[in-house]
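Visitor: need coordinates for the below:
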Amino acid sequence: MRLALYQPDIPQNTGTILRLAACLGVPVDVIGPTGFDMTDRSLRRAGLDYLDHVTIVRHETFGQFDAARGGRLVLLTSHATTNHTDFTFTQTDTLLLGRESAGVPDEVHQRADGRVRIAMRPGLRSLNIAVAAALVLGEALRQTGGFPENDTAR
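Guide: Predicted coordinates for the structure are as follows:
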């Protein structure tokens with residue numbers, strides 16, 4: 001299981017998603033260009049002390065990412081008709097999140113092998129991208145038995 005961020009524009013959301021990925025042991029692909037400085041130094045300055053615990057793979061373009069990825073590409077989008085709880089995830093899926101300001105372009109939608117949405121009350125547009133990532137990743141890891149083992153001896 002992987003997370004992929006398509007041209008993220010809000011550094012705080014990216015930091016939250018990277019922390020989520022570090023805690024759950026999920027690699028993250030970041031597809032550029034980003035709307036902020038995505039260097040390790042910049043992330044550390046933002047207080048992301050979890051950076052050493054997450055695998056981040058940077059891609060300059062969606063084409064480079066698409067050529068390098070394995071498994072299915074599952075897009076989180078408010079335009080999907082399938083709820084994330086009704087989708088059957090696999091261990092090799094990559095969950096793709098679009099830009100906070102614009103989602104993903106049509107050509108990226110077309111490349112997705114699956115599209116899922118989070119059921120919400122009518123009239124409300126969307127959740128924060130980091131919250132959406134946590135909800136869908138949690139369901140995907142639950143379905144695939146991918147949560148890390150807890151150390152109960154603490």
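
Visitor: can you give me the strands in this structure?
Guide: Secondary structure of the chain, counting by DSSP state E: strands at 2-6, 28-31, 56-59, 73-76, 94-97, 114-116.

Visitor: now mean neighbour count and mean pLDDT too, for those, in a markdown table please.
Guide: In this view, the C-beta of every residue, glycine as well, is placed from N, C-alpha and C. Shown next, in a markdown table, are the strands of the chain (neighbours: other Cβ atoms under 10 Å; pLDDT from 0 to 100):
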| stretch | mean neighbour count | mean pLDDT |
| --- | --- | --- |
| strand 2-6 | 23 | 98 |
| strand 28-31 | 22 | 97 |
| strand 56-59 | 16 | 96 |
| strand 73-76 | 24 | 98 |
| strand 94-97 | 25 | 98 |
| strand 114-116 | 20 | 98 |
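
Visitor: nearest to Leu20 among those strands would be which one?
Guide: Judged by Cβ to Cβ, the one of the strands of the chain that comes nearest to Leu20 is strand 2-6, at 8.0 Å.

Visitor: go through the protein and flag its longest helix.
Guide: For the chain, the longest helix by residue count, based on DSSP state H, is helix 129-144.

Visitor: just to revisit the earlier point, okay, the strands of the chain in CSV with distance to Ala132 next?
Guide: Shown next, in CSV, are those (distance: least, Cβ to Cβ, whole Å):
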stretch, distance to Ala132
strand 2-6, 11
strand 28-31, 15
strand 56-59, 19
strand 73-76, 6
strand 94-97, 7
strand 114-116, 10
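
Visitor: of all the ones you listed, which lies closest to Val108?
Guide: Closest approach to Val108 among the strands of the chain (Cβ to Cβ): strand 2-6, 6.5 Å.

Visitor: stretch 125-144: which residues count as buried?
Guide: By 16 or more other Cβ atoms under 10 Å, the buried positions in stretch 125-144 come out as Ile129, Ala130, Ala132, Ala133, Ala134, Val136, Leu137, Glu139, Ala140, Leu141, Gln143.

Visitor: which one among the residues you listed gets closest to Gly25?
Guide: The nearest one, if we look at the buried residues of stretch 125-144 relative to Gly25 and count by Cβ to Cβ, is Leu141, at 9.3 Å.

Visitor: could you give the number of residues near the nearest residue to that closest one once chain neighbours are set aside?
Guide: The shortest distance from Leu141 to any residue other than its chain neighbours is 4.9 Å, reached at Phe147 (Cβ to Cβ, 6 or more residues apart in numbering). By the measure other Cβ atoms under 10 Å, the count of residues near Phe147 is 12.
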